[in-house]
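S.K.: Okay, predicted coordinates and the sequence, questions at the end:
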Amino acid sequence: MVWLWLTFTALVVVLLILDLGVFHRHAHEVSLREATIWTCVWITLGLSFSGAVYAIYDGHWFGAHLKSGDTSAGQAALLYVTGYVLEKSLSVDNIFVISIIFRSFRVESRFRHRVLFWGIIGAILLRAVMILGGAWLVHRFSWVFYIFGASLAYTGFKLFRDKGSEADPEQSHFIRLARRLLPVARQDHGSHLLAREAGRNVVTNWAWY
């Protein structure tokens, strides 16, 4: 099963590289028509993967089998489609959150796809770190649960208290600290995240969105 997960991960990485490095190599404003087409492409690709799941479990490739002992390939494909549709439904609310972030940070239309792309990559990596790190902490120190609970309660209270207020990125302590520690570009370098000015590496303006 290890090779199965490695192959799947490699496939996802290749698709991400194609998306940013080939299909959206040049920053531009994504039209409604283009967004609709790409949405249909990725959804079709995701649902079509159920065929690969069926073939893998039908042929028991990589030692694939269901934990319940039922090795039905149809059951495996159905579980995949169910999980895909459920996750897709749960992710709809992210559209509104992303829209609020773009508006709050005044992200230019031509950079929104690239900002969203790297934001999702960062979210995946941070989520992996948080899950693995949190599982390790909970396994070693059970009292960490109380800290996590208090943190969630505080976050919920803060969101409720600040409901309706618009966040100002210029007031963010993290952004102000990062700007003091990292050199920021003085020129327009287009869609590049990093550039060179006066012989040193600088962070471009759109990196702060």
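M.R.: Cool, the structure landed.
S.K.: secondary structure class for Asp188?
M.R.: coil (DSSP: H, G, I helix; E, B strand; the rest coil).
S.K.: all helices of the chain, in order?
M.R.: Secondary structure of the chain (DSSP state H): helices at 2-18, 32-58, 73-90, 92-104, 112-140, 144-161, 173-181.
S.K.: Could you dump those into a markdown table with distance to Val203, mean neighbour count and mean pLDDT added?
M.R.: Using the backbone N, CA and C atoms, a C-beta is placed for each residue, glycine as well. Compiled in a markdown table, the helices of the chain are given as follows (distance: least, CB to CB, whole Å; neighbours: other CB atoms under 10 Å; pLDDT from 0 to 100):
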| stretch | distance to Val203 | mean neighbour count | mean pLDDT |
| --- | --- | --- | --- |
| helix 2-18 | 22 | 11 | 83 |
| helix 32-58 | 28 | 13 | 90 |
| helix 73-90 | 33 | 14 | 88 |
| helix 92-104 | 19 | 12 | 77 |
| helix 112-140 | 13 | 13 | 84 |
| helix 144-161 | 28 | 10 | 80 |
| helix 173-181 | 8 | 10 | 72 |
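S.K.: Domain-wise, how is the protein divided?
M.R.: Split into domains by automatic domain parsing, the chain comes to 1-90, 169-209.
S.K.: got TSV for the helices of the chain, with distance to Leu193 too?
M.R.: Below are the helices of the chain laid out as TSV (distance: least, CB to CB, whole Å):
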stretch	distance to Leu193
helix 2-18	15
helix 32-58	22
helix 73-90	28
helix 92-104	17
helix 112-140	7
helix 144-161	29
helix 173-181	14
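S.K.: His24: which of these is closest?
M.R.: helix 112-140 (5.4 Å; CB to CB).
S.K.: before we move on, back to that, mind putting the domains of the chain in CSV, distance to Ala153 included?
M.R.: What follows is the domains of the chain, written out as CSV (distance: least, CB to CB, whole Å):
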stretch, distance to Ala153
domain 1-90, 23
domain 169-209, 21
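S.K.: who wins for proximity to Gly134 among these?
M.R.: domain 1-90 (20.2 Å).
S.K.: ok now that closest one, how far from the chain's centre?
M.R.: 15 Å (CA atoms, centre = their mean, to the nearest Å).
S.K.: just stretch 120-131 next, same as before
M.R.: Distance, centroid of stretch 120-131 to centroid of chain: 7 Å (CA atoms, centre = their mean).
S.K.: which residues sit against that stretch?
M.R.: Leu16 (CB atoms under 8 Å, 6 or more residues apart in numbering).
S.K.: hang on, the earlier thing: wait, which of the domains of the chain is closest to Phe160?
M.R.: Per CB to CB, nearest to Phe160 of the domains of the chain: domain 169-209, 19.5 Å.
S.K.: check contacts around Tyr84.
M.R.: For Tyr84, the contact set (CB under 8 Å, 6+ apart) comprises 46-47, 50.
S.K.: Mind putting those into a markdown table with distance to Leu137?
M.R.: Formatted as a markdown table, those follow (distance: CB to CB, whole Å):
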| residue | distance to Leu137 |
| --- | --- |
| Gly46 | 33 |
| Leu47 | 37 |
| Ser50 | 36 |
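S.K.: And the residue nearest the centre of the chain?
M.R.: With distances taken as CA atoms, centre = their mean, the residue of the chain nearest its centroid is Ile120 (2.2 Å).
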